[in-house]
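A.B. asks: I need the structure of the sequence given here:
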Amino acid sequence: MKKSPIVDQMFEKDAFSQWLGIERIEDGPGFATLKMTVRSEMLNGFGIAHGAITYALADSALAFASNAHGRQALSIETSISHLLPLKEGDQLQTKVEEISLQHRIALYRILIFNQHQELAATFQGTVYRKSKT
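C.D. replies: Purely as a prediction, here's the structure:
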């Protein structure tokens with residue numbers, strides 16, 4: 001599977017994505033397939049994954065996909081819809097869709113699936129693309 005050298009550098013310094021247990025399956029300009037497993041310390045008081053966990057997974061996918069183009073990209077607006085409760089041991093995987101890539105603004109949709117290929121969450125993110133490489 002293809003992995004971006006830009007994302008290699010980002011991930012090496014990204015302690016939070018590493019703490020999440022994110023595994024990079026494939027990434028490059030405009031795409032990122034990431035996997036992770038929900039752990040007990042990620043659960044809320046109801047025994048389901050805290051919403052911030054799926055949000056953080058999607059946010060990492062957004063960062064990797066948008067920055068892999070070679071220009072620094074910063075999120076300016078994001079939103080998430082949680083569709084299924086997730087429990088300890090659930091395995092999550094992202095699918096990134098680059099909806100629009102313009103000179104300064106890019107729009108992405110990140111789909112998060114569980115191990116049964118059920119859609120667990122949808123995330124949309126808009127990034128500002130700086131001129132800095």
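A.B. asks: So which residues of this structure form strands?
C.D. replies: For the chain, applying DSSP state E gives strands covering 23-28, 31-37, 73-82, 91-101, 105-113, 119-129.
A.B. asks: how far out from the middle of the chain is the fifth one?
C.D. replies: It stands for strand 105-113. Counting by Cα atoms, centre = their mean, to the nearest Å, strand 105-113 is centred 8 Å from the centre of its parent chain.
A.B. asks: same question, the fourth one
C.D. replies: On the basis of Cα atoms, centre = their mean, strand 91-101 is displaced by 7 Å from the centre of the chain it belongs to.
A.B. asks: Show me what it is packed against.
C.D. replies: Under the contact criterion of 3 or more Cβ pairs under 8 Å, 6 or more residues apart in numbering; DSSP states H and E, strand 91-101 touches strand 31-37, helix 51-67, strand 105-113. No exception for glycine: its C-beta is placed from N, CA and C like everyone else's.
A.B. asks: Give the rounded mean pLDDT of the shortest one.
C.D. replies: Pointing back at strand 31-37 there. Mean pLDDT, strand 31-37: 98.
A.B. asks: what angle separates that strand from helix 51-67?
C.D. replies: In terms of direction (axes from the mean of the first three to the mean of the last three Cα atoms, to 10 degrees), strand 31-37 departs from helix 51-67 by 150 degrees.
A.B. asks: check contacts around the closest residue to Lys95 other than its chain neighbours.
C.D. replies: Distance criterion Cβ to Cβ, 6 or more residues apart in numbering; nearest residue to Lys95, sequence neighbours excluded, is Leu111 at 4.5 Å. Leu111 makes contact with Thr94, Lys95, Glu97, Leu119, Ala121, Thr122, Phe123 under the criterion Cβ atoms under 8 Å, 6 or more residues apart in numbering.
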